[in-house]
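[1] model the structure of this input:
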Amino acid sequence: MGGDGGHRPLVIVGPTASGKSAVALELARRGRSASSPPAAVELVSVDSMQVYRGMDIGTAKPTAAEQAEVPHHLIDLVDPAERFSVVDYATAFEAAMADIADRNAVPLLVGGTGLYLRAVVDGLTPPPEFPSIAAELEAEACAAGEPEGTVALHCRLAELDPLAASRMESTNLRRIVRALSVCLGTDRPFSSYGPGLQTYPDVAFRMVGIDSGRAALDELISERYRRQLEQGFLEEVRRLVARTLSRTAAQALGYKELRAHLAGACTLDEALDVAIARTRRFARRQQRWFARDPRITWIPHGSPAEMADRIAQLEP
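    Numbers count the residues shown, from 1 in each chain. Okay, the predicted model is just below:
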């Protein structure tokens, strides 16, 4: 990674637990230790859960020591009770990039939240939001019971915007409510806004993805949960139990399941099994999302040093 500004900023993407943060930190260390000249590399998180303060272990947030070694941006932005949207992220991203540029530093983006990435890399403008309509739809789904209520909303969305409905699972309440509230609030299809996620124009970023393979990724996910529990993940969740969490924060992988365990709904092993299964499904969705983007150059999973070497060998 050069510090002369002649290279496009690098983005490292991939599914959860694939080693993105480790290789990004390795590249940042190499840039900072270079002698001709050193590149002041700063990491920019593209993660919808690392924005929440106090949700550290379960979101695999960089440690205090790592943050002291290399500047990190767009983590610990809001309290878990606060609502945080892709629009909020895009605004914070612009400020972070300006801050990095003021120091003539090199930004390195890393994360797995696909929509956040597309918003800032492609400059997508999200449709307007209608909180009151969204709240009514959520209440309607809740009153009907799950999953029937969510599926019913998906059917309504399919009537108003078949294309949008085809792009999301019939049980994903958050995405369905978002799309349906826009349809109702604007009287136009949710899928009609912006250039759409199905187009992939040239951008001012180099994009590299980590390909772990399904079986290897499954094991990486299991290993990470075991390591997080050893690091105090359960205690972290216990500190959050008495707090009100935003809808997004409450659905964070692992946190939801451990909260259920602490409430007495299941054993710790049962909670862990559910969390691992849910995280593996989420990782599959991430893999499908990023696989559609032809701008991403894929490298095989390996040690941070091995992956950093492979990235360094790619065309700038």
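
[2] which residues of the chain fall in helices?
    Secondary structure of the chain (DSSP state H): helices at 20-33, 64-69, 86-102, 114-121, 131-144, 148-160, 162-166, 173-186, 214-231, 233-240, 247-250, 255-262, 268-291, 304-312.

[3] buried residues, the shortest one. List them.
    Within helix 247-250, the residues scored as buried using 16 or more other C-beta atoms under 10 Å are 248-249. C-beta: built from backbone N, CA, C; applies to glycine.

[4] return the distance of it from the chain's centre.
    Here the centre of helix 247-250 is set off from its chain's centre by 13 Å, with C-alpha atoms, centre = their mean, to the nearest Å.

[5] returning to that earlier point: for the helices of the chain, give me JSON lines that also has mean pLDDT.
    Output for the helices of the chain, formatted as JSON lines (pLDDT from 0 to 100):
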{"stretch": "helix 20-33", "mean pLDDT": "90"}
{"stretch": "helix 64-69", "mean pLDDT": "95"}
{"stretch": "helix 86-102", "mean pLDDT": "95"}
{"stretch": "helix 114-121", "mean pLDDT": "94"}
{"stretch": "helix 131-144", "mean pLDDT": "93"}
{"stretch": "helix 148-160", "mean pLDDT": "95"}
{"stretch": "helix 162-166", "mean pLDDT": "92"}
{"stretch": "helix 173-186", "mean pLDDT": "94"}
{"stretch": "helix 214-231", "mean pLDDT": "97"}
{"stretch": "helix 233-240", "mean pLDDT": "97"}
{"stretch": "helix 247-250", "mean pLDDT": "90"}
{"stretch": "helix 255-262", "mean pLDDT": "97"}
{"stretch": "helix 268-291", "mean pLDDT": "97"}
{"stretch": "helix 304-312", "mean pLDDT": "96"}
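
[6] export the ones you listed to JSON lines and append columns for distance to S48.
    Below are the helices of the chain laid out as JSON lines (distance: least, C-beta to C-beta, whole Å):
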{"stretch": "helix 20-33", "distance to S48": "14"}
{"stretch": "helix 64-69", "distance to S48": "19"}
{"stretch": "helix 86-102", "distance to S48": "7"}
{"stretch": "helix 114-121", "distance to S48": "6"}
{"stretch": "helix 131-144", "distance to S48": "17"}
{"stretch": "helix 148-160", "distance to S48": "20"}
{"stretch": "helix 162-166", "distance to S48": "20"}
{"stretch": "helix 173-186", "distance to S48": "11"}
{"stretch": "helix 214-231", "distance to S48": "18"}
{"stretch": "helix 233-240", "distance to S48": "17"}
{"stretch": "helix 247-250", "distance to S48": "7"}
{"stretch": "helix 255-262", "distance to S48": "13"}
{"stretch": "helix 268-291", "distance to S48": "12"}
{"stretch": "helix 304-312", "distance to S48": "23"}
